[in-house]
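Asker: Just need the structure, nothing else, for what follows:
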Amino acid sequence: MSTGSSTPMPVRGEPVARSVPVSLQIAFVTVGLMAGLFFAWDVSVMPGLALLDDRAFVSVMQVLVVAIENPVFFLVSFGALASTAITAIVAHRRGARPAARWMAAALAFYVAALVITMVINLPMNYALVGAGDPGGIADLAAMRAGFETPWRVANVARTLTCVAALFCTGRALSLVRTG
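Answerer: Below is the predicted model of the structure:
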């Protein structure tokens with residue numbers, strides 16, 4: 001059921017201009033960017049770092065951890081959260097229940113990725129950076145061993161949850177006419 005002030009989300013066959021909310025398009029792109037970012041770490045960054053010795057691994061990872069915390073990353077990361085939530089709410093209010101359900105699922109998957117990030121990856125990142133200059137770390141091998149595998153496992157989990165969120169967002173997008 002739609003409210004008097006909002007336009008219902010259309011069914012298949014209605015024009016694109018009235019059928020695809022901008023928030024849904026933004027959600028699809030930003031969630032896709034986050035899934036791609038995590039995937040890139042899984043298939044290129046971490047395998048590349050695995051080839052380095054302990055000192056180089058810790059040093060480069062420290063630099064990457066600091067570098068990724070930038071305005072563009074935060075805009076995309078939180079833009080994905082906001083646009084997914086907004087789309088789920090708007091779709092529900094406009095009576096587009098199937099799209100709303102898919103977006104709610106996308107939101108749940110994306111939130112799971114954020115929780116993994118906040119509970120596992122970020123504390124590990126900050127501990128690694130907080131350890132200071134790799135030249136002053138007594139046991140680099142132990143530090144790396146305690147970081148590398150758990151971090152990679154958590155990153156695979158957030159990649160999978162973001163890919164699931166992207167799939168759900170794409171399914172919601174497919175429920176409206178796109179061309």
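Asker: Mind jotting down where the helices sit in the chain?
Answerer: Along the chain, counting by DSSP state H, helices occupy 16-19, 22-40, 46-50, 54-68, 71-93, 97-116, 122-130, 140-174.
Asker: Quick check, central residue of the protein?
Answerer: In the chain, the residue lying closest to the centroid (Cα atoms, centre = their mean) is Met34, at 3.8 Å.
Asker: Touching, it and Phe78? I think so.
Answerer: No: using Cβ atoms under 8 Å, Met34 is not in contact with Phe78, being 10.3 Å away. Glycine gets a C-beta too; all of them are placed from N, C-alpha and C.
Asker: in this protein, which ranges drop under the pLDDT threshold?
Answerer: 1-20, 177-179 (pLDDT under 70).
Asker: rerun at 90
Answerer: Within the chain, the set of residues satisfying pLDDT under 90 comprises 1-22, 90-96, 175-179.
Asker: For Gly48, give me its contacts.
Answerer: Residues near Gly48 by Cβ atoms under 8 Å, 6 or more residues apart in numbering: none.
Asker: got it, and Ser83?
Answerer: Counted by Cβ under 8 Å, 6+ apart, Ser83 has contacts Ser23, Leu24, Ile26, Ala27, Thr30.
Asker: how about 7 Å then?
Answerer: Ser23, Ile26, Ala27, Thr30 (Cβ atoms under 7 Å, 6 or more residues apart in numbering).
Asker: Ala82: neighbour count?
Answerer: Residues lying near Ala82 (other Cβ atoms under 10 Å) number 14.
Asker: could you measure it against Thr149, distance?
Answerer: Here the criterion is Cβ to Cβ, to the nearest Å. By it, Ala82 lies 33 Å from Thr149.
Asker: cool, and Ala165?
Answerer: 25 Å.
Asker: neighbour count winner among those two?
Answerer: Ala165 (28 against 11).
Asker: How about the more buried one: what's its closest non-neighbour residue?
Answerer: Phe109 (3.8 Å; Cβ to Cβ, 6 or more residues apart in numbering).
Asker: cool, Leu24 as well?
Answerer: Thr87 (4.7 Å).
Asker: And Leu114, by the same measure?
Answerer: Leu81 (6.7 Å).
Asker: The one you found contacts Ala108, correct?
Answerer: No: using Cβ atoms under 7 Å, Leu81 makes no contact with Ala108, being 11.6 Å away.
Asker: which residues sit in contact with the closest residue in space to Ala88 that isn't next to it in sequence?
Answerer: If the residues on either side of it in the chain are set aside, Ala88 comes closest to Met103, at 3.7 Å by Cβ to Cβ, 6+ apart. Met103 makes contact with Thr84, Thr87, Ala88, Ala91, Cys168, Thr169, Ala172 under the criterion Cβ under 7 Å, 6+ apart.
Asker: Cheers, nothing more for now.
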